[in-house]
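Novice: give me the fold of what follows.
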Amino acid sequence: MRKGAVFMIYLVEDDDAIRELVLYALSNGGFAAEGFDTPSAFWRAVARCAPSMILLDIMLPEESGLELLKKLRADPSLARVPVMMLTAKGSEYDKVLGLELGADDYLAKPFGMMELLARVKALKRRAEAAAPSEYRLGPLRVWPEKHLALRDGAALPLTRKEFELLCLLLRNRGIVLTRDRLLDEIWGYSFDGENRTVDVHVRTLRQKLGDLGDRIETVRGVGYKIGGCDP
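Specialist: Numbering: from 1, shown residues only. You can find the predicted model right below:
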């Protein structure tokens, strides 16, 4: 992830004291983070904007963290989001069960904030290293590191910002990206409610993609996503 991009961490923890302490530590560590005391509050936030990483307790009201983890891994738009379990359940069985259900890491309470930050940074590095080197959208092939987009063997004349916008949408396929997030990750500043930069670049990107431009969907009042993206 480039410097200045938002890496948003969602924490699901019903203990107020632990939740506030972890959020404070993450903030001091340079991460953007939001906390939720119930799974329902978490899902409402995910519907608005998907996170970059999830820290998840097991013992939660409404549904257990393990049930929530199952739903995350069954959702194609969230299946690749890194998940770290933060739980008082420290037995080997609980650890193995969480990892088998798709957790990427497991940290038993009580834990130190320095260790937590080290684990988060390591998980972030692993997630970035695992990012695909090529994206496909029908006849379109995109190589982020080469800054190259080919359709039927012909290079598309994309500007740098159009290319970054396309890659960000493809990397988060199926996920609605808000204008605020797109502006921050690509242009490095926040949405002020009036700026039309994102809309203008989406329009020109659609034009250059031709009929594939219809794959960039507008979510009214929220932002954009690429739907039906090839794996």
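Novice: which parts of the lengthiest helix in the chain are buried?
Specialist: Secondary structure of the chain per DSSP state H: the longest helix is helix 113-129. By 16 or more other Cβ atoms under 10 Å, the buried positions in helix 113-129 come out as 116-117, 119-120, 123-124, 127. Just so you know, the C-beta spots here come from the backbone N, C-alpha and C atoms, and that holds for glycine as well.
Novice: which positions within the helix or strand bottoming out on mean pLDDT in the chain qualify as buried?
Specialist: For the chain, the helix or strand with the lowest mean confidence is helix 92-100, at a mean of 77 (criterion: mean pLDDT, DSSP states H and E). If you call a residue buried by 16+ other Cβ under 10 Å, then helix 92-100 has these buried ones: 94-95, 97-98.
Novice: touching the helix or strand just after it from outside, list them.
Specialist: Helices and strands here follow DSSP states H and E; after helix 92-100, the next one along the chain is strand 105-108. Residues from elsewhere that reach strand 105-108 (Cβ atoms under 8 Å, 6 or more residues apart in numbering): 82-90, 95, 98-99, 115-116, 119, 122-123.
Novice: what about residue 182, distance to residue 219?
Specialist: Computed as Cβ to Cβ, to the nearest Å, the residue 182 to residue 219 distance reads 12 Å.
Novice: comparing the two, which shows the higher neighbour count?
Specialist: residue 182 (23 against 12; other Cβ atoms under 10 Å).
Novice: hang on, the more buried one in a helix?
Specialist: Yes. Assignment of residue 182 by DSSP: H, G, I helix; E, B strand; the rest coil places it within a helix.
Novice: for it, what are its contacts?
Specialist: Residue 182 touches 165, 168, 198, 223-224, counting by Cβ under 8 Å, 6+ apart.
Novice: how is the chain carved up into domains?
Specialist: 8-129, 135-226 (automatic domain parsing).
Novice: nearest spatial neighbour of the residue nearest to the spatial centre of the chain, skipping sequence neighbours?
Specialist: Taking Cα atoms, centre = their mean, the centroid of the chain lies closest to residue 52, which sits 3.1 Å from it. Computed as Cβ to Cβ, 6 or more residues apart in numbering, the closest residue to residue 52 that is not its neighbour in sequence is residue 7, at 4.6 Å.
Novice: isn't the one you found up against residue 124?
Specialist: Yes. Applying Cβ atoms under 8 Å, one finds residue 7 in contact with residue 124, separated by 6.6 Å.
Novice: quick check: neighbours shared by these two?
Specialist: By Cβ under 8 Å, 6+ apart, the residues touching both residue 7 and residue 124 are 52-53.
Novice: could I get the full set of helices for the protein?
Specialist: Here the chain has its helices, by DSSP H, at 16-28, 39-48, 65-74, 92-100, 113-129, 160-171, 179-182, 197-209.
Novice: contacts for the fourth one, please.
Specialist: Pointing back at helix 92-100 there. By Cβ under 8 Å, 6+ apart, the residues outside helix 92-100 that reach it are 58, 66, 69, 85, 87, 106, 108.
Novice: can you give me the distance of the second one to residue 158?
Specialist: This means residue 66. On the measure of Cβ to Cβ, residue 66 and residue 158 end up 43 Å apart.
Novice: so who does the closest residue to residue 36 other than its chain neighbours touch?
Specialist: Excluding its sequence neighbours, the residue lying closest to residue 36 (Cβ to Cβ, 6+ apart) is residue 42, at 4.2 Å. Shown in contact with residue 42 (Cβ under 8 Å, 6+ apart): 10, 12, 36, 68.
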